[in-house]
Structures are given as C-alpha cells and as structure tokens.
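Chemist: could you work out the structure for the sequence below:
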Amino acid sequence: AIRENEARARMLGYNTFIYKLIAITISGVMAALAGGMNALWNLNANTSMLGVNTTINALLMTIIGGVGSLIGPMLGAGVLQLLGYWLNAAFGPRWPLIFGAVYILIVLFFPYGLVGTWKQRGSDLRALWGQRVAALRRLTVGSRQ
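Modeler: Numbering: from 1, shown residues only. Below is the predicted model of the structure:
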C-alpha cells in the first residue's frame with residue numbers, strides 16, 4: 001500500500017515511516033549477510049568489491065530483468081552472466097563492445113525489462129483474447145435466436 005499510494009496508507013492509519021524503516025532495515029541486514037557470506041566464501045574482502053563495475057553490473061541486471069518484480073533482477077543476472085560468457089567466448093577481448101550493442105537492443109525492444117515487457121504483452125494478449133471470445137459469443141448467441 002505504501003508503494004502504490006503513501007498518502008492513502010497514512011490516511012488509513014498506517015505509520016508509513018515505521019514500515020519504510022523496517023523495509024530499509026531488512027534490506028540492510030540482507031545486504032550485510034550477503035557481503036559477509038561473500039567474504040567468507042572468497043576468503044578475502046577488499047575495496048575492488050565496492051567498485052563502479054559492481055554497481056554497474058547490479059544496475060544492468062536490474063534493468064535487463066525488469067524493475068518492480070522479484071524475479072526480474074534474478075533473470076537479468078542470469079542473462080547478463082550467460083551473455084558475457086558467450087560473447088567472451090565468441091569475440092574475445094572485444095566482447096564488451098558487442099555487449100553494449102546487445103544491451104541497447106534489449107532496452108529498445110524490452111523497455112520495461114524482460115519480465116515487465118512480458119507482463120505487459122501478456123496483459124495485452126489477455127485483452128485481445130477477451131475481445132475475441134466476446135465477439136465469438138455475440139456470434140453464437142445471435143445465431144441461436
């Protein structure tokens with residue numbers, strides 16, 4: 001409710017500040033646990049883990065997969081890793097250039113990310129299907145009379 005309409009949630013009596021604080025706290029705890037497990041797994045932690053490349057990769061994963069869903073960034077991470085692997089194998093050191101072109105194409109053809117565009121097109125297909133079914137019903141009901 002807070003994400004959709006914070007003013008309405010406040011008018012219904014919810015303390016939106018507390019809920020936002022809880023959400024940020026849970027997010028911080030999850031990030032801290034992930035960072036701690038990463039350091040334990042790699043047996044080191046250094047400043048290169050906090051570089052610009054890490055941030056850009058996280059943003060690319062989210063944008064490619066789709067914002068606003070839980071599965072979107074996970075799908076984006078998989079696509080980003082597979083695409084990087086395949087392009088590196090095919091093009092060697094020039095793979096980032098090809099990846100940039102592929103990324104531009106993904107953004108052009110999937111403006112809401114993979115999941116968001118799929119959801120939007122799915123709802124468009126459902127609406128089209130509903131129109132077809134309604135037209136068919138009108139035809140069959142009209143033929144019975």
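
Chemist: okay, now residue 62: neighbour count?
Modeler: Neighbour count for residue 62, taken as other Cβ atoms under 10 Å: 18. (Each C-beta comes from the backbone N, C-alpha and C, glycine too.)

Chemist: domains of the protein?
Modeler: Annotated domains of the chain cover 1-50, 51-145 [automatic domain parsing].

Chemist: ends of the first one, what's the gap?
Modeler: Across its full length, domain 1-50 reaches 33 Å end to end, with Cα to Cα, to the nearest Å as the criterion.

Chemist: switch the domains of the chain over to TSV; also include mean pLDDT.
Modeler: Formatted as TSV, the domains of the chain follow (pLDDT from 0 to 100):
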stretch	mean pLDDT
domain 1-50	89
domain 51-145	84
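
Chemist: just name the most buried of these.
Modeler: Per residue and on average, the most neighbours among these fall to domain 51-145, with a mean of 13 (mean count of other Cβ atoms under 10 Å).

Chemist: which parts of this protein are strands?
Modeler: Assigned by DSSP state E, the chain shows no strands.

Chemist: what ranges do the helices span in it?
Modeler: For the chain, the helices defined by DSSP state H occupy 6-11, 16-42, 52-65, 71-91, 95-109, 113-144.
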